[in-house]
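Please find the sequence and the predicted model below.
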Amino acid sequence: MTDLTRVLIVDDHAMFRAGVRAEIGGAVDVVAEAEDVASAVAAVREHHPDVVLLDVHLPGGGGVEVMRQAHEPEVKYLALSVSDAAEDVIGTIRGGARGYVTKTITGEELVAAIQRVRDGDAVFSPRLAGFVLDAFAGSVEIAAIDEDLDRLTEREREVMRLIARGYAYKEVAKELFISIKTVETHMSNVLRKLQLSSRHELTRWASDRRLL
């Protein structure tokens, strides 16, 4: 048991944390869970895990803030997020994460990613590696993306991306563990803040900014 990789799971959805623990618990040692920035920083300092599975959007400041505040050089971070938007991927890697995978990953793939990050490798879902290469080659203008997205809350960004990809409101609600009514409210706010009038315009707006 002492040879198992020690993992901290950080996500603000208890149901998702439980699912991840069930998927990987036999192959790694899940030492703790955390639901926001403050509890994540405390858990990193207390347990000194080998790898932190870190959601990008968290109450209290997000995954990057966890890495900044915890400041534990020996701890490695693997982002596990519903978002595969370029600015999230690049911002998280710049913040200190060694890898970034999306929540569509299988349990077996996630265990393999955790082990690789523990061993010092950089790990990305296939589609995301291109974002990182493009960004560090200077072909993605992150500042322009951030300026538009700064108008939206983190939850509005999540709803925006899923709707722009063609998800129905019911599917968005299931994915984010919120009600359909809440999805509708967020969508209305997104369109208003971005000065768009339809779902079609939102999809085009997101596609132009490589957010899909």
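Right, received. Where do you want to start? Numbers count the residues shown, from 1 in each chain.

Please count neighbours and contacts with C-alpha atoms only from this point.
Will do.

need the helices for the chain, in chain order.
Using DSSP state H, the helices assigned to the chain run over residues 14-24, 37-47, 63-70, 86-95, 107-118, 126-137, 142-149, 154-164, 169-176, 180-194, 199-208.

Just send those back as a markdown table, with mean neighbour count and mean pLDDT too.
Output for the helices of the chain, formatted as a markdown table (neighbours: other C-alpha atoms under 10 Å; pLDDT from 0 to 100):
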| stretch | mean neighbour count | mean pLDDT |
| --- | --- | --- |
| helix 14-24 | 15 | 94 |
| helix 37-47 | 19 | 95 |
| helix 63-70 | 21 | 90 |
| helix 86-95 | 20 | 82 |
| helix 107-118 | 18 | 95 |
| helix 126-137 | 14 | 69 |
| helix 142-149 | 13 | 60 |
| helix 154-164 | 20 | 88 |
| helix 169-176 | 16 | 92 |
| helix 180-194 | 16 | 93 |
| helix 199-208 | 15 | 86 |
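
so which of those helices gets nearest Leu78?
Counting by C-alpha to C-alpha, Leu78 lies closest to helix 107-118 out of the helices of the chain; the figure is 7.0 Å.

For the closest one, name the packing helices and strands.
Counting contacts by 3 or more C-alpha pairs under 8 Å, 6 or more residues apart in numbering; DSSP states H and E, helix 107-118 packs against helix 14-24, strand 51-54, strand 76-81, strand 123-124.

Indicate which one of these is closest to Val159.
strand 76-81 (13.5 Å).

average model confidence for the closest one?
Strand 76-81 comes out with an average pLDDT of 95.

ok, what's across the strand from Val30?
In this structure, Val30 bridges to Val7 when assessed by DSSP bridges.

Please renumber the chain so that the first residue is 386 from this point on.
OK, 386 is where the count begins now, so the last one is Val415.

And it, how far from Pro434?
Plainly put, Val415 is 9 Å away from Pro434 if you go by C-alpha to C-alpha, to the nearest Å.

ok, the two, which is more surrounded?
Remark: of Val415 and Pro434, Pro434 carries more neighbours, 24 against 21, as counted by other C-alpha atoms under 10 Å.

Could you check the pLDDT of the more buried one?
Per-residue pLDDT puts Pro434 at 96.

contacting residues around it?
By C-alpha atoms under 8 Å, 6 or more residues apart in numbering, Pro434 lies in contact with 390-393, 416, 460.

do Glu450 as well
Listed by C-alpha under 8 Å, 6+ apart, the contact partners of Glu450 are Val422.

what's the answer for the one 5 residues further on, then?
By C-alpha under 8 Å, 6+ apart, the contact set of Ala455 is 426-427, 429-430.

partners of the residue nearest the centre of the chain in the sheet?
Centroid check for the chain by C-alpha atoms, centre = their mean gives Ser466 as the closest residue, at 2.7 Å. Beta-bridge pairing for Ser466 (DSSP bridges): Thr487.

what about Glu494, distance to Ala423?
For Glu494, the distance to Ala423 equals 29 Å [C-alpha to C-alpha].
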